[in-house]
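J.: sharing a model prediction with you, sequence too.
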Amino acid sequence: MSFKDFVKELNGNRVEGELVKTIFYSLLVSFIFLTVVYFFKLRYIENCIPKYGYYLLFSALSIALIMPAIRQVRAYREMACMSGMMIGMTIGMISGFLLGFFVASTNGMFIGGFFGVFVGIAIGVWNGKCCGVMGMMEGIMAGFMGGLMGAMTSFMLLNDNNLKLAGIISFVISAVIMFGLNYMIYKEMKETDRQRKEDYMFVVGLTFVLIAITTWLIVFGPRSAIFG
Amino acid sequence: MGNKITIIGILVLVALFAGFVFAKSGSTDSAPITGNVVAGEIQKVVLSQADLNYKDSIVQAGKPIAISADGSVKGCLRAPSFNIGGKRYTKYLQSANDVLELPALEKGTYSFSCTMGMGRGKLIVE
């Protein structure tokens, strides 16, 4: 059973054995960044944590969620077209959807939507190119749609008083999808050796850039009229 | 570092950060609304639509406001949404009898939009 093998490999020597640690390092970077920013800046802003704390927390969790798949794709470098399309689509859509959702919850449809679109397309294309132009196109399409869908979902739920619950539900579903993608990549590539060996500096750097931009947007970024 | 220890580390990190956020969120509510409420002097505002936005409305400071919408207001614009001092006021004004009540406001210009953010307007408090 390859799923059992996959679970076993989460403790193994292949790249799959580094996925849990990737989540840990990404969360660690995000939380250290947010703690430092809180002590130097955010604690002087009135009601900052009640207004934005929940969305910053879930933005950090969302970034940590997409990192393992990126690490896995980088490790194998090249894959079959069908796999690459699935990778570009899934990573582009989930990264765009989640970040679009949480930024739009505090900044409105335009900022949240297009931030999600840009992040989704950038990450989708970058990972989808492991199989060529089809994966890149899937990345563009999925990032474009996921970013706008995430922002639209949160914006339309604003007056339902269930926005935070919707965020948790969306996050859990996204986590299941991303876990499925990790398994799919393993299943497709289990006969192949790892092409690139790297430390965690890449995860640290990318997480830092994403959480810094997201935090700036959520706390200081422009907002639509509905947010005053 | 084994995966079990890493997973415990992840859970501890998330629990610490989430605990901090929820502890802080519970202690503070939305910012209080400022302005003097004058009992019995509610000013009525009837919203109208111009193109795809609301027409600007002018009200007096220090008096509570009751907002309704006339027949020109269509679609999602019938659900105006205000964010005043971090507190959101919104209501679906399905008929002319439906009223969205706002507290007395200080002088200034308050931007608002429909709940979907499609149509925008200004409430000018003088």
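T.: Noted; the coordinates are in hand.

J.: all contacts plus neighbour counts: C-alpha atoms, from now on.
T.: Fine.

J.: what residues does chain A put near chain B?
T.: Taking C-alpha under 8 Å from any C-alpha of the partner chain, the part of chain A that reaches chain B is made up of A:10-11, A:20-21, A:23-24, A:27-28, A:31, A:47, A:49-51, A:53-54, A:57, A:108-109, A:155-156, A:158-159, A:224-228.

J.: how about the residues of chain B by chain A?
T.: Going by C-alpha under 8 Å from any C-alpha, the residues of chain B near chain A are B:2-3, B:6-7, B:9-10, B:13, B:17-18, B:21-22, B:24-26, B:28-31, B:81-86, B:90, B:110-117, B:120.

J.: which of those fall in helices?
T.: B:3, B:6-7, B:9-10, B:13, B:17-18, B:21-22, B:24-26 (DSSP state H).

J.: between those residues, which is closest to chain A?
T.: B:Ser25 (4.1 Å; C-alpha to the nearest C-alpha).

J.: for the closest residue to the closest one other than its chain neighbours, helix, strand, or coil?
T.: With sequence-adjacent residues excluded and distances taken as C-alpha to C-alpha, 6 or more residues apart in numbering or on different chains, B:Ser25 is closest to A:Pro50, at 4.1 Å. State at A:Pro50, reduced to three classes by DSSP: H, G, I helix; E, B strand; the rest coil: helix.

J.: verify the stated contact: A:Pro50 with B:Phe20.
T.: No - using C-alpha atoms under 8 Å, A:Pro50 is not in contact with B:Phe20; the gap is 10.4 Å.

J.: tell me which of the two has more neighbours.
T.: Using other C-alpha atoms under 10 Å in any protein chain shown as the criterion, A:Pro50 and B:Phe20 rank with A:Pro50 on top: 19 against 13.

J.: out of the ones in helices among the residues of chain B next to chain A, which are buried?
T.: The neighbour count (16 or more other C-alpha atoms under 10 Å in any protein chain shown) marks B:3, B:6, B:9-10, B:13, B:17-18, B:21, B:24-25 as buried among these.

J.: quick one, what contacts A:Met67?
T.: A:Met67 makes contact with A:22-23, A:26, A:203, according to C-alpha atoms under 8 Å, 6 or more residues apart in numbering or on different chains.

J.: now do B:Ser25
T.: For B:Ser25, the contacting residues are A:49-51, A:53, by C-alpha under 8 Å, 6+ apart.

J.: wait, which of those residues is closest to A:Trp126?
T.: A:Gly53 (29.9 Å; C-alpha to C-alpha).

J.: need the pLDDT of that closest one.
T.: For A:Gly53, the pLDDT comes out at 92.

J.: I'd guessed it sits against B:Val21; true?
T.: Yes - contact status for A:Gly53 versus B:Val21: in contact at 5.5 Å, counting by C-alpha under 8 Å.

J.: which parts of chain B belong to which domain?
T.: With automatic domain parsing as the criterion, the domains of chain B are listed as B:1-30, B:43-125.

J.: which pLDDT value goes with the residue of chain A found nearest chain B?
T.: Nearest residue of chain A to chain B: A:Pro50, at 4.1 Å (C-alpha to the nearest C-alpha). Each residue has a pLDDT score; the one for A:Pro50 is 88.

J.: repeat for B:Leu47
T.: 91.

J.: what of B:Thr34?
T.: For B:Thr34, the model assigns a pLDDT of 38.

J.: same question for B:Tyr54.
T.: At B:Tyr54, the pLDDT value in this model is 92.

J.: wait, it touches B:Ser48, no?
T.: Yes - contact criterion C-alpha under 8 Å: B:Tyr54 and B:Ser48 qualify, at 5.8 Å.

J.: mutual contacts of the two, please.
T.: B:Val73.

J.: so where's chain A uncertain?
T.: Applying pLDDT under 70 to chain A flags the ranges A:1, A:159-161, A:225-228.

J.: what segments of it are strands?
T.: With strands called from DSSP state E, chain A shows none.

J.: re the thing from before, and the residue nearest to B:Ser25, how far from A:Ser26?
T.: 24 Å (C-alpha to C-alpha, to the nearest Å).

J.: need phi/psi at the closest residue to B:Asn53 other than its chain neighbours.
T.: In this structure, B:Asn53 finds its nearest non-sequential neighbour in B:Gly119, 4.4 Å apart by C-alpha to C-alpha, 6+ apart. The phi/psi pair for B:Gly119 (degrees, to the nearest 10) reads phi -110, psi 140.

J.: ok, B:Gly119 touching B:Leu77?
T.: Yes - counting by C-alpha under 8 Å, B:Leu77 is a contact partner of B:Gly119 at 6.2 Å.

J.: the two: who's more crowded?
T.: Legend: neighbour count by other C-alpha under 10 Å for B:Gly119 and B:Leu77, higher for B:Leu77 (26 against 21).

J.: roughly how far apart are that one and A:Ser154?
T.: Separation of B:Leu77 from A:Ser154 (C-alpha to C-alpha): 18 Å.

J.: now swap in A:Gly143 and tell me
T.: Applying C-alpha to C-alpha to A:Gly143 and A:Ser154 gives a distance of 17 Å.

J.: do A:Lys129 as well
T.: 30 Å.

J.: one more: A:Gly84?
T.: According to C-alpha to C-alpha, A:Gly84 and A:Ser154 sit 29 Å apart.

J.: repeat for A:Tyr25
T.: Relative to A:Ser154, A:Tyr25 is positioned 28 Å away (C-alpha to C-alpha).

J.: circling back to that earlier point, quick check on the residues of chain A next to chain B: which are buried?
T.: Going by neighbour count (16+ other C-alpha under 10 Å), these have A:10-11, A:20-21, A:23-24, A:27-28, A:31, A:47, A:49-51, A:53-54, A:57, A:108-109, A:155, A:158-159, A:224-228 buried.

J.: all good on my end, thank you.
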